[in-house]
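[1] Curious how this folds, go ahead:
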Amino acid sequence: MYDVTDPRHPFFVTYENNRDFAESVEDGGDLAKAGDLGPEGLTFIPAEDSPTRTPLVAVANEVSGTTTLFRVTIS
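    Sure, this is the predicted structure:
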């Protein structure tokens, strides 16, 4: 994730990945145990539209068929 508050000076903030690489899906492993695979779509949900009243990022994962929600915190 990058902070682009100032588009002329973006900077790296963090990296998130909830996949379990110990579970090999290439060798016939359990897809459900591997976690989210193949992030394809991203949607930002502003606080005023969020059920938690905090901003969220929704990620649609094509391969695993899952959706992940990340809470956006501003420090």
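
[2] Just list the residues touching the closest residue to residue 11 other than its chain neighbours, thanks.
    Nearest non-adjacent residue to residue 11, counting by Cβ to Cβ, 6 or more residues apart in numbering: residue 3, 5.5 Å away. C-beta here means a position set from N, CA and C on the backbone, and glycine is covered the same way. Going by Cβ atoms under 8 Å, 6 or more residues apart in numbering, residue 3 touches 10, 11, 13.

[3] and the gap between the second one and residue 55?
    Taking Cβ to Cβ, to the nearest Å as the criterion, residue 11 is separated from residue 55 by 19 Å.

[4] Can you name the next helix or strand after the helix or strand of the chain with the lowest mean pLDDT?
    Least confident element among the helices and strands of the chain, by mean pLDDT, DSSP states H and E: helix 31-34 (a mean of 76). Sequence-wise, the next helix or strand downstream of helix 31-34 (DSSP states H and E) is strand 39-45.

[5] Give the other helices and strands that that following strand contacts.
    Counting contacts by 3 or more Cβ pairs under 8 Å, 6 or more residues apart in numbering; DSSP states H and E, strand 39-45 is packed against strand 56-61.
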